[in-house]
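K.L.:
Provided below are the primary sequence and the corresponding predicted coordinates.
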Amino acid sequence: MNPPAPRREASRLSEITPYQWRSGIAAWLGWLFDGLELHIYTLVATPFVIQLLATSIADPAVKEKTAYIQAAFLIGWAVGGAFFGRLGDLIGRSRALALTVLTYAVCTGLCAASQTWWQLMIFRFVAALGIGGEWAVGASLLTETWPRAWRPWLAAVLQCGVNLGILFAASVVGLNSLLPHPVPIRYVFLLGVLPALLVFWIRRQVPEPEAWRQAEKTVGRDKPGVRELFRGPIARTTWVTMLVCALSLSAWWLFVFWNPQHLRRLLDGSGLPPAQVTRMVSAAFFTTIAVSIAGNFAAGALAKWIGNRRAIIWMFVGLFGGMAGAFIVPRGFDSLAWFWLPLTGFFSGVFGLFTTYMPPLFPTLLRTTGAGFCYNIGRLAAAVASVVFGWLAPVGDFRMALLASSLLALAAAGASWWLPEGESADSCAPGTADEEDA
């Protein structure tokens, strides 16, 4: 099955081809399950590690081991993004997408079988290989099949897939805590097996994009290597994008992972039963991510108005303001959960813009390689930051460290000033106005 090449750019949904719909649905579902897989551990990290260590929350080893597991996940995310990103340029977007989904589905399910903290760390690392790879491959698939003018809205819709997956994970954890006899925490990971069913549909219904097929046919065996990212005019784009990703993802992942632990600490002395504490933390997390859906579309509207680069800068400034406001003074659970954290979540919509902005910065046969490499260097930086945070943050008080991490968002806003505004020379996807002129 070969994808059709539209003669002109679609201006209405009724003009979107069945192939474009299938590629969009495949990428969106991949991101939906990404969100589910990403945050299952975040929500149950502390109680599950306590269970594996047979200890209590007051034990410093809990904080240390959860940090190691999260760091291993982020390292796997980075390695997988680079590996599958390269694979997406070599064997095609659809094939690579199917492999990423299968990897993270199987290995997230295996987390349920963990008997020690280091087994959980290994399973999370391998699952992260697939989760990391799906970002660059899915984003490139969309940018090569959907009209360019739709990209800011596509970015918002795709990021909403991640948000909805996160909300699904939060709902499952929260509802489980309401049951008279809650299901053991480890079995929550079995939800991660569901995406494996998506693989068969992708391979049958989603052919390779025409842009990739034509580029591969043009170069034959002489495909560009990774070193090309650091040569010529592409080198500047690679270095700046890599820096922005490293700063921003470190800030966001420190917030996402350690903020729930901070909320649990605030509730520790309240005398509430553990199940209720879990429900309250899950509700706060749910609210933050739900508000971030509005942030995705706000970021898309801002990009349509002032351009991608300026929108990214202002959204990072807002992210810094939300994080700094949350932790600059001691705040109670209600103030954080129902105002400051959702405000921070709103400005996290900036990451949705990366989805359709970043891949077209690179030539077609370096597209998933470049986007995957730059984004995943950011994940490596976030992994290092998570471990350093775990070492330096005082047991029982994460506020000052979380406040310090907000400065990374401000630095990301400054670095974004040097990002390019446009696309690479051969970035035109099939069906765009540029192709029609050609």
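P.N.:
Looks like it arrived, so ask away. Quantities reported herein were computed from a predicted structural model and do not represent experimental measurements.
K.L.:
What is whichever strand or helix holds Glu216 packed up against?
P.N.:
Assigned by DSSP states H and E, Glu216 belongs to helix 210-219. Judged by 3 or more C-beta pairs under 8 Å, 6 or more residues apart in numbering; DSSP states H and E, helix 210-219 has no packing partners among the helices and strands. Placement of C-beta: from N, CA and C, glycine included.
K.L.:
Any idea how far it is from the middle of the chain?
P.N.:
Relative to the chain's own centre, helix 210-219 is displaced by 28 Å; criterion: C-alpha atoms, centre = their mean, to the nearest Å.
K.L.:
Buried residues in it, which are they?
P.N.:
210-213, 215-216 (16 or more other C-beta atoms under 10 Å).
K.L.:
Next secondary structure after that helix?
P.N.:
Downstream of helix 210-219, the next assigned helix or strand under DSSP H and E is helix 234-268.
K.L.:
model confidence over whichever helix or strand comes after that next one, on average?
P.N.:
The helix or strand immediately downstream of helix 234-268 is helix 274-306, counting by DSSP H and E. Per-residue pLDDT over helix 274-306 has a mean of 87.
K.L.:
okay, now the residue lying closest to Ile75 once chain neighbours are set aside: neighbour count?
P.N.:
Nearest residue to Ile75, sequence neighbours excluded (C-beta to C-beta, 6 or more residues apart in numbering): Ala383, at 4.7 Å. Counted with other C-beta atoms under 10 Å, the neighbours of Ala383 add up to 24.
K.L.:
quick one: what helix or strand has Ala383 in it?
P.N.:
helix 367-392.
K.L.:
other SSEs contacting the following helix or strand past that helix?
P.N.:
As assigned by DSSP H and E, the chain's next helix or strand after helix 367-392 is helix 399-415. Where contact means 3+ C-beta pairs under 8 Å, 6+ apart, helix 399-415 is packed against helix 234-268, helix 308-327, helix 367-392.
K.L.:
Helix 399-415 vs helix 308-327, what angle?
P.N.:
Here helix 399-415 points in a direction 170 degrees away from that of helix 308-327 (axes from the mean of the first three to the mean of the last three C-alpha atoms, to 10 degrees).
K.L.:
what comes into contact with helix 399-415?
P.N.:
Outside helix 399-415, the residues within contact range by C-beta atoms under 8 Å, 6 or more residues apart in numbering are 240, 243-244, 247-248, 250-252, 254-255, 258-259, 262, 313-314, 316-317, 319-320, 323-324, 326-328, 330, 385, 389, 392-393.
K.L.:
out of those residues, which are buried?
P.N.:
240, 243-244, 247-248, 250-252, 254-255, 258-259, 262, 313-314, 316-317, 319-320, 323-324, 326-327, 385, 389, 393.
K.L.:
Distance of Ala251 relative to Leu410?
P.N.:
Distance, Ala251 to Leu410, by C-beta to C-beta, to the nearest Å: 9 Å.
K.L.:
got any residues that touch both of these two?
P.N.:
Counting by C-beta under 8 Å, 6+ apart, the residues touching both Ala251 and Leu410 are Phe320.
K.L.:
wait, which of the helices and strands packed on helix 399-415 is closest to Ala149?
P.N.:
Closest of the helices and strands packed on helix 399-415 to Ala149 is helix 308-327, at 13.1 Å (criterion: C-beta to C-beta).
K.L.:
where in the protein is pLDDT low?
P.N.:
1-11, 219-223, 386, 389-397, 422-438 (pLDDT under 70).
K.L.:
got a list of what Trp31 touches?
P.N.:
Trp31 sits in contact with 134-135, 138, 158-159, 161-162, 165, where contact means C-beta under 8 Å, 6+ apart.
K.L.:
okay, the residues you listed in JSON lines with neighbour count and secondary structure next?
P.N.:
Output for the contacts of Trp31, formatted as JSON lines (neighbours: other C-beta atoms under 10 Å; DSSP: H, G, I helix; E, B strand; the rest coil):
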{"residue": "Glu134", "neighbour count": "29", "secondary structure": "helix"}
{"residue": "Trp135", "neighbour count": "31", "secondary structure": "helix"}
{"residue": "Gly138", "neighbour count": "30", "secondary structure": "helix"}
{"residue": "Leu158", "neighbour count": "24", "secondary structure": "helix"}
{"residue": "Gln159", "neighbour count": "29", "secondary structure": "helix"}
{"residue": "Gly161", "neighbour count": "24", "secondary structure": "helix"}
{"residue": "Val162", "neighbour count": "27", "secondary structure": "helix"}
{"residue": "Gly165", "neighbour count": "24", "secondary structure": "helix"}
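K.L.:
which secondary structure elements does the helix holding Ala383 contact?
P.N.:
Partner elements for helix 367-392 (3+ C-beta pairs under 8 Å, 6+ apart): helix 60-91, helix 117-143, helix 234-268, helix 399-415.
K.L.:
Packed most tightly, which of those would that be?
P.N.:
Highest mean neighbour count among those (mean count of other C-beta atoms under 10 Å): helix 117-143, with a mean of 26.
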